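Asker: here is my input; please provide its structure:
(one chain, ligands or ions: 2)
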Amino acid sequence: MFVLSLKPLLKLPCKSSKLEQRCTPHILLSCKHSLFIKQSGSKFLRSLGQIRRTLKSQGLHLVAKKGDVSDLCVSFFGAGYVGLVSSVCLADFCRKVYCLDTDKEKIASLRDLQIPIHEPLLEDKLRKNYESKRLFFLSENFELAIRDSDILFIAVGTPSRRGDGHADLSYVFSVAELIAEMLTPGYTLIVIKSTVPIGTCNKVQEFMKAKVKTPKVQFDVVSNPEFLRQGSAVENFLHPDRVVVGGCGPVGSPSRKQMETLYSPFVKDKEALLFTSWEEAEMIKYASNAFLALKIQFTNEFADFCQLVNANISVVMKAIGLDERIGSHYLQPGPGFGGSCLPKDIRALVRSAQEYSYSMRLLESVIEGNEIRKRRIAQWIATLANESCPKEDVGTFLHGHHTTVTTTNVYGKRFGILGLTFKANTDDLRESPAIYVVQELLSLGAHVSVYDPQVKIESVIRNFDNFKGFPLNICEDSYSACKDADVVAILTEWEEFRNLDWDRLHSLVSRPVIVDTRNLLEPSLIGEKGFCYYSLGRPPSFPQNNDKQQQKYKISASETNLQQTKNSLIEKIKTGSQ
Ligand SMILES: NC(=O)c1ccc[n+]([C@@H]2O[C@H](COP(=O)([O-])OP(=O)(O)OC[C@H]3O[C@@H](n4cnc5c(N)ncnc54)[C@H](O)[C@@H]3O)[C@@H](O)[C@H]2O)c1
Ligand SMILES: O=c1ccn([C@@H]2O[C@H](COP(=O)(O)OP(=O)(O)O[C@H]3O[C@H](CO)[C@@H](O)[C@H](O)[C@H]3O)[C@@H](O)[C@H]2O)c(=O)[nH]1
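Answerer: Ligands and ions are numbered 1, 2, ... in the order given. Okay, the predicted model is just below:
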């Protein structure tokens, strides 16, 4: 006779009628399955984990009672922005979390507590949970994690497939195959967290069923899309607006109970935990990102029109955002939306719709508009190296008159680029408009110096593989990047760019021209500092009566050309052409 120190109530949802009851450990031990517990070792089983593993190996599964997240063990396949952040946050609450990745280098650096990504608030939590042995990083022996886990999350990448815009699901299916082959008897919940096209969960379930070879394996596949944003990922994971779970069984089913348990610390309002079908969950994820992209593209179009008619986009967007039906978020103009999600997800959505012979025209135009925008921003920045200043009209260049930019008028000009990431507070360069702009400028023969507070030099170099030998200078601070620049362009809204020493910067540049594609700075303030300042959808500002500063502008443009440009643009807008 032995006594186990366990929580008093455990629920065993298994086929055995004797076990299909709420029971104390004593009842558990006195039932016929207690034999398995005894058999598993010469010593007594001390932990719930040991009992769980023993039962699992016999085709039974122990589910923690409702709300008891501390009994759960979960694994994440993929230690990227989503997998790593989710693992670290869940390790605060779960019994154990395995974070698995095939990238050996990534796992090795995580074990050394070197975090491969920049994400605020992540480091302390990671350290705490890793040191207290609730969080484990593995690049092999995934079998151990699979055997031990109640829930297996798939959080690998689903990038755009080269050439056609479809989501590349090869990583998801390779994990699904591995799991299917390694599942041990008993029940395991498989959760797809990666963003996947509608219909994928269904396919994964069928695929896995065909691959499972071990008898007595039971599993469900559910969809649980992630909505966190890079730069505030920890905060978003801990305090989600909503959690969507698709494809669970009815109330009381193992899949539903486990997901309720897992999210109990994060979702206090019952209404915010939404159970849907697989297809609805998959669609909700795409629809959310598509709507955000739509708002940004809408704002960008209005910003450009505001510039033509002397209206201020900040005033306009603030006013429309106060209408609760519209809301104030995602109304900030910029150089185009980027990142690893919005662009690729909308492309994937549009492509999946086409498979049903359905055209999502609105979103097709959002994709095209965003591509055009990045090109125009690059062309606009290039032109400003040639135009005289102050000239209010040069700001209108943004709206389409880009054919005049050639290698001859940009060749050898110097550009100081502030910010490379697709937005602030991340180190991610995926689909960053800034990368596009720099590549355009280099193609035109310009000299480009770049600075970003978070990006590692290796990542910058990787993004300019095709530009070896081009005059690209990676700098360690803003001032070095702006030295001798004909134009300074702010491409990411890093906070530190707000507070530069403008007098120092002014003394360093060749021409004091700033293009702010994030509307980060206060126009009048920068004008007062002697700069010619252009932003999006706001009137430009210029140095006030300062002859010495005026001499810095080396090239003058013809007044007539500028007027013609403006007239032709207004004509184009009237006739509705791009
Ligand atoms: N980044 C975000 O902000 C965000 C937010 C919500 C949803 N998503 C979605 O989540 C998914 C993951 O995005 P991410 O940004 O974290 O990707 P990521 O590229 O940062 O990370 C993916 C990781 O998966 C690893 N991996 C690939 N194959 C593997 C395998 N067989 N086993 C284990 N690991 C493997 C890679 O090495 C990589 O480290 C994508 O579908 C994305 O669309 C991303
Ligand atoms: O008003 C705005 C807001 C954003 N952006 C740009 O839009 C892009 C995307 O920004 P954001 O949504 O913050 O980036 P992500 O971290 O990629 O997050 C999006 O993509 C994730 C992956 O699917 C989702 O989980 C998030 O909910 C969704 O916001 C960036 O280039 C931003 O600079 C603007 O130009 N103006």
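Asker: CA only for contacts and neighbour counts going forward, please
Answerer: OK.
Asker: and ligand 1, is the longest helix along the chain touching that?
Answerer: Criterion DSSP state H: the longest helix present in the chain is helix 278-309. No. Against ligand 1, helix 278-309 shows no contacts by Cα under 6 Å from any ligand atom, the least distance being 8.4 Å.
Asker: chain center to that helix: distance?
Answerer: 16 Å (Cα atoms, centre = their mean, to the nearest Å).
Asker: now that helix: buried residues?
Answerer: When neighbours are counted by 16 or more other Cα atoms under 10 Å, the buried residues of helix 278-309 are found to be 278-287, 289-290, 292-308.
Asker: just stretch 153-164 next, same as before
Answerer: Here stretch 153-164 shows 153, 154, 155, 156, 157, 158, 159, 160 as buried, counting by 16+ other Cα under 10 Å.
Asker: okay, those residues in TSV with pLDDT next?
Answerer: Output for those, formatted as TSV (pLDDT from 0 to 100):
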residue	pLDDT
153	98
154	98
155	98
156	98
157	98
158	98
159	96
160	95
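Asker: the host helix or strand of residue 438 close to ligand 2?
Answerer: In the assignment (DSSP states H and E), residue 438 maps to helix 433-443. No. Helix 433-443 stays clear of ligand 2 (Cα under 6 Å from any ligand atom), getting no nearer than 7.3 Å.
Asker: pull up the pairing partners for the helix or strand following that helix, direction included.
Answerer: The helix or strand immediately downstream of helix 433-443 is strand 447-451, counting by DSSP H and E. Paired neighbours of strand 447-451 in the sheet (DSSP bridges): strand 414-418 (parallel), strand 472-474 (parallel).
Asker: is there contact, residue-wise, from whichever helix or strand comes after strand 447-451 to ligand 1?
Answerer: Helices and strands here follow DSSP H and E; after strand 447-451, the next one along the chain is helix 457-463. No. Against ligand 1, helix 457-463 shows no contacts by Cα under 6 Å from any ligand atom, the least distance being 13.5 Å.
Asker: now residue 171, nearest residue through space, not along the chain?
Answerer: residue 156 (6.3 Å; Cα to Cα, 6 or more residues apart in numbering).
Asker: just residue 371 next, same as before
Answerer: residue 336 is the one closest to residue 371 (Cα to Cα, 6+ apart), at 7.7 Å.
Asker: so what's that neighbour up against?
Answerer: By Cα atoms under 8 Å, 6 or more residues apart in numbering, the contact set of residue 336 is 296, 297, 300, 370, 371, 373, 374, 433.
Asker: what would those look like in a markdown table with distance to residue 509 and pLDDT?
Answerer: Shown next, in a markdown table, are the contacts of residue 336 (distance: Cα to Cα, whole Å; pLDDT from 0 to 100):
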| residue | distance to residue 509 | pLDDT |
| --- | --- | --- |
| 296 | 32 | 98 |
| 297 | 33 | 98 |
| 300 | 29 | 98 |
| 370 | 31 | 98 |
| 371 | 30 | 97 |
| 373 | 27 | 97 |
| 374 | 25 | 97 |
| 433 | 24 | 98 |
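Asker: ok, these vs ligand 2, which is closest?
Answerer: Distance to ligand 2 across the contacts of residue 336 (Cα to the nearest ligand atom) is lowest for residue 296, with 5.1 Å.
Asker: most tightly packed of the strands paired with strand 447-451?
Answerer: strand 414-418 (a mean of 28; mean count of other Cα atoms under 10 Å).
Asker: contacts for that one, please.
Answerer: Taking Cα under 8 Å, 6+ apart as the rule, strand 414-418 contacts 385, 438, 446-452, 478, 481-492, 497.
Asker: please repeat the previous calculation with a cut-off of 6 Å.
Answerer: Strand 414-418 is contacted by residues 446-451, 481-482, 485-491 when judged by Cα atoms under 6 Å, 6 or more residues apart in numbering.
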